[in-house]
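>>> this one's sequence-less:
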């Protein structure tokens with residue numbers, strides 16, 4: 001009986017010793033909260049053209065072979081430009097002459113009406129005379145204006161229609177007003193408007209003479 005108890009005690013102690021000697025399993029490490037950063041990729045090289053290649057694409061400066069200095073070349077270019085401008089002006093003048101040649105009778109009637117009104121105002125001796133002439137000549141001015149429109153209805157084909165228009169407007173308004181002021185002692189407005197009328201009348205006279213002499 002005592003031997004059996006001793007045997008059981010030995011077995012129990014051996015079992016406990018065996019259990020105590022077993023190692024506990026290592027705890028599993030917790031998962032990382034964030035993945036480790038990826039290794040930075042190699043930077044992409046900028047597409048910069050090769051300096052030598054870029055320079056090769058540029059046009060090379062070639063020294064002029066005309067033997068002229070810079071000043072001479074500028075003078076030559078200006079001369080060529082002037083010649084071209086004169087040629088173009090000559091062509092335009094020929095075009096205007098041909099067109100106005102086809103309207104010459106109407107030109108002469110319009111110009112005659114303008115001169116008639118100017119001659120009427122030249123007889124004025126007072127402000128009262130100016131107003132009487134203005135009223136009497138308005139019909140002539142209106143009729144002359146209607147004829148003028150028939151010369152170049154679309155515009156850009158006659159050399160003097162604009163001058164007719166300006167003169168007729170002045171004879172309706174600016175000229176008689178300035179003439180009235182002159183009788184009151186203020187001569188400057190009349191001097192200015194008369195100078196403009198004289199300049200345009202001379203231009204028209206010269207142009208119509210050229211038109212009349214021009215070949216069809």
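Noted; the coordinates are in hand. Everything numeric in this text was worked out from a predicted model, so none of it was measured.
>>> rest of the way, CA atoms for contacts and neighbours
Will do.
>>> which residues of the protein score low on pLDDT?
1-64 (pLDDT under 70).
>>> switch the cut-off to 90
By pLDDT under 90, the weakly predicted segments of the chain are 1-91, 215-216.
>>> Tell me which residues of stretch 153-166 come out buried.
Neighbour-count burial for stretch 153-166 flags 157, 158, 159, 160, 161, 163, 164 (criterion: 16 or more other CA atoms under 10 Å).
>>> And stretch 109-124, by the same measure?
The neighbour-count check on stretch 109-124 (16+ other CA under 10 Å) flags 110, 111, 113, 114, 117, 118, 121, 124 as buried.
>>> wait, which of these is closest to residue 194?
Among those, residue 118 lies closest to residue 194 (CA to CA), at 10.0 Å.
>>> Secondary structure element holding the closest residue to that closest one other than its chain neighbours?
Computed as CA to CA, 6 or more residues apart in numbering, the closest residue to residue 118 that is not its neighbour in sequence is residue 171, at 7.4 Å. Element membership for residue 171, per DSSP states H and E: helix 161-172.
>>> for that helix, the distance to its chain's centre please.
The chain centre lies 31 Å from the centre of helix 161-172; the measure is CA atoms, centre = their mean, to the nearest Å.
>>> For the buried residues of stretch 153-166, could you give me TSV that also reports distance to residue 204?
Listed next are those as TSV, based on distance: CA to CA, whole Å:
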residue	distance to residue 204
157	15
158	11
159	9
160	6
161	9
163	8
164	8
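>>> one step back: could you identify the helix or strand that succeeds the helix holding residue 171?
Next along the chain after helix 161-172, taking DSSP H and E as the criterion, comes helix 174-183.
>>> Counting neighbours, which bits of the helix or strand that that following helix is followed by end up buried?
As assigned by DSSP H and E, the chain's next helix or strand after helix 174-183 is helix 188-213. Residues of helix 188-213 classed as buried by neighbour count (16+ other CA under 10 Å): 189, 190, 193, 194, 197, 200, 201, 204, 207, 208, 211.
>>> right, and the fifth one touches residue 167 too?
Yes: here residue 197 reaches residue 167: they are 6.3 Å apart, a contact under CA atoms under 8 Å.
>>> thinking again about what came up before, and of the buried residues of stretch 153-166, the nearest to residue 128?
Once CA to CA is applied, the member of the buried residues of stretch 153-166 that ends up nearest residue 128 is residue 164, at 26.7 Å.
>>> Excluding chain neighbours, what is closest to residue 179?
That would be residue 190: by CA to CA, 6+ apart, it lies 5.8 Å from residue 179.
>>> Tell me how far the one you found lies from residue 212.
Distance of residue 190 to residue 212, given as CA to CA, to the nearest Å: 32 Å.
>>> go on, residue 135?
As judged by CA to CA, residue 135 and residue 212 stand 34 Å apart.
>>> And the next helix or strand past the helix or strand hosting residue 98?
When elements are assigned from DSSP H and E, residue 98 belongs to helix 70-102. Once helix 70-102 ends, the next helix or strand along the chain (criterion: DSSP H and E) is helix 104-121.
>>> by contact count, what packs against that next one?
helix 127-151, helix 161-172, helix 188-213 (3 or more CA pairs under 8 Å, 6 or more residues apart in numbering; DSSP states H and E).
>>> just the angle between the last one and helix 174-183, please?
Right, the one you point to is helix 188-213. Following axes from the mean of the first three to the mean of the last three CA atoms, to 10 degrees, one obtains 140 degrees for the angle between helix 188-213 and helix 174-183.
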